[in-house]
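Trainee: Sharing a sequence plus its predicted fold:
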Amino acid sequence: MNKNQITVVYGENPREMVETLLAQLKPETALRPGATIGLKPNLVLDKPAASGATTHPEIVEGIIRYFQAKGYSDLVIMESSWVGAATEEAFRVCGYRELAAQYGVELVDLKKDRTIKKKGEYGEITVCTAPLAVDFLINLPVLKAHCQTLLTCALKNLKGCIPDHEKRRFHRLGLHEPIAQLAAVLPVHLTIVDAICGDLTFEEGGNPVPMGRLLAGTDPVLLDSYAASLLGLTAADIPYLDLAAKLGVGTTALTGAVVTEVNPEAKQAGRFRLSGRAKTLARYVEERDACSACYGSLIHALHRMAEAGELEALKYGNKKIKIGQGFRGEKGGGIGIGTCTRALDDALTGCPPTAREIRAFLERVLAD
């Protein structure tokens, strides 16, 4: 598989699509007999893939079937849901526990995994050991929006390979540099992007957009750059892509990419764009180093409140909702969301609170 190669397959049946893709790529030619294969989906929280938030289990099933048919029996599914969510519940709700039992594949909750420190360009980074221990790591992100980085796809999906305390530190560092560094210290051998129905509004799902395709390649930076272009973005819009390129992870140069469409006749017409909803709602928020789970829940709550015409009090009162680790210990007036803001006069604790809890809290505070 060439580094500048991007392979695309279209369709509506995830298992058949990925099996077609693998038959084209023949990744087993790079593997020794008995190699350990790690599968890293996006199970950010316990929502089914149809929501646009998580990787379709049928994709993982197709990969398992393909490699088992080639004589590879040592396959491991590994993931760590975002801070505040239980990976085991995501395994269950998203169909992975049943899948693992059916095919005799191990499930690893990386929240419980041992960790190791790896040195990189920007200092040390703490990584779970299981993804580093396999012979062949396949990254299985969902192409979707993100309320803080615009896009989440190949590189950002690797954030599930670090412990929760490191995820929080990533946010204190501004996300982009540590995401790039993680990609530099954690080798990924193949990336297959689930672009079947990702949510182009929020990373936590609920607004799936049919895109009907899988993307594959060995250069995650190139794949992310290509995925961004599908959504009307450039690599420059997502700072961690250029940073990762400078660290030698890959290239953002789409001019050198060779895009192979396996079944172009199945491609459906249409253009896809991020909704931009999170950016619009962010004007109501003062954010300092907020974790994705907390910030995403707040944006989702504001979205529902806007739909119900409940944001006028914020708009005309010129009030900003405070959120993030940067507000730890800060006292005084203001509306705070999350445990980090608990010293404020009006704060909703929780790490993270749910969108439903945030909405109820804001409705009460704004009514006072």
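Mentor: Arrived safely.

Trainee: Now the phi/psi pair for the residue lying closest to E203 once chain neighbours are set aside, please.
Mentor: In this structure, E203 finds its nearest non-sequential neighbour in H146, 4.8 Å apart by Cβ to Cβ, 6 or more residues apart in numbering. Every residue, glycine included, has its C-beta placed from N, CA and C. Per-residue torsions, H146: phi -140, psi 140 (degrees, to the nearest 10).

Trainee: please begin residue numbering at 871 from this point
Mentor: Fine by me, first position is 871 from now on; the one you just mentioned is H1016.

Trainee: How about the contacts made by H1016?
Mentor: T1022, K1026, E1073, A1148, S1162 (Cβ atoms under 8 Å, 6 or more residues apart in numbering).

Trainee: likewise E1182?
Mentor: E1182 touches nothing, counting by Cβ under 8 Å, 6+ apart.

Trainee: Confirm for me that Q875 is in contact with L1093.
Mentor: No - under the criterion of Cβ atoms under 8 Å, Q875 makes no contact with L1093, lying 10.2 Å away.

Trainee: quick one: which of those two has more around it?
Mentor: Remark: of Q875 and L1093, L1093 carries more neighbours, 25 against 16, as counted by other Cβ atoms under 10 Å.

Trainee: just checking, the more buried one touches N1027?
Mentor: No - the criterion here is Cβ under 8 Å, and L1093 misses it with N1027 at 10.8 Å.

Trainee: Need the CA coordinates for stretch 1179-1194. PDB is fine.
Mentor: C-alpha atoms of stretch 1179-1194 as PDB (Å, rounded to 0.1, in the frame of the first residue of the first chain):
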ATOM      1  CA  GLY A1179     -36.400  29.900  21.600                       C
ATOM      2  CA  GLU A1180     -34.900  29.900  25.100                       C
ATOM      3  CA  LEU A1181     -31.700  31.700  24.500                       C
ATOM      4  CA  GLU A1182     -33.000  35.300  24.400                       C
ATOM      5  CA  ALA A1183     -32.100  35.800  28.100                       C
ATOM      6  CA  LEU A1184     -28.500  35.100  27.300                       C
ATOM      7  CA  LYS A1185     -28.500  37.100  24.100                       C
ATOM      8  CA  TYR A1186     -29.900  40.300  25.500                       C
ATOM      9  CA  GLY A1187     -28.400  39.900  28.900                       C
ATOM     10  CA  ASN A1188     -24.900  39.600  27.400                       C
ATOM     11  CA  LYS A1189     -24.200  36.700  29.700                       C
ATOM     12  CA  LYS A1190     -21.400  34.200  28.900                       C
ATOM     13  CA  ILE A1191     -21.500  30.700  30.200                       C
ATOM     14  CA  LYS A1192     -18.200  29.700  31.700                       C
ATOM     15  CA  ILE A1193     -16.700  26.200  31.200                       C
ATOM     16  CA  GLY A1194     -13.400  24.500  31.400                       C
END
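
Trainee: Quick one: mean pLDDT over it.
Mentor: Stretch 1179-1194 shows a mean pLDDT of 80.

Trainee: same question, stretch 1076-1090
Mentor: 97.

Trainee: for it, the distance to its chain's centre please.
Mentor: Put simply, stretch 1076-1090 sits 12 Å off its chain's centre (Cα atoms, centre = their mean, to the nearest Å).

Trainee: Now it: buried residues?
Mentor: Within stretch 1076-1090, the residues that count as buried by 16 or more other Cβ atoms under 10 Å are 1077-1079, 1081-1090.

Trainee: Check stretch 919-934 too.
Mentor: 919, 921-934.

Trainee: Restricted to helices, list those residues.
Mentor: Judged by DSSP state H, those include P927, E928, I929, V930, E931, G932, I933, I934 as members of helices.

Trainee: was I right about F1072 contacting G1146?
Mentor: No - with contact defined as Cβ under 8 Å, F1072 does not reach G1146; the gap is 11.6 Å.

Trainee: For L1084, give me its contacts.
Mentor: With contact set as Cβ under 8 Å, 6+ apart, L1084 has these partners: V878, V879, P884, M887, V888, L891, I929, I1062, V1063, D1064, A1065, I1066.
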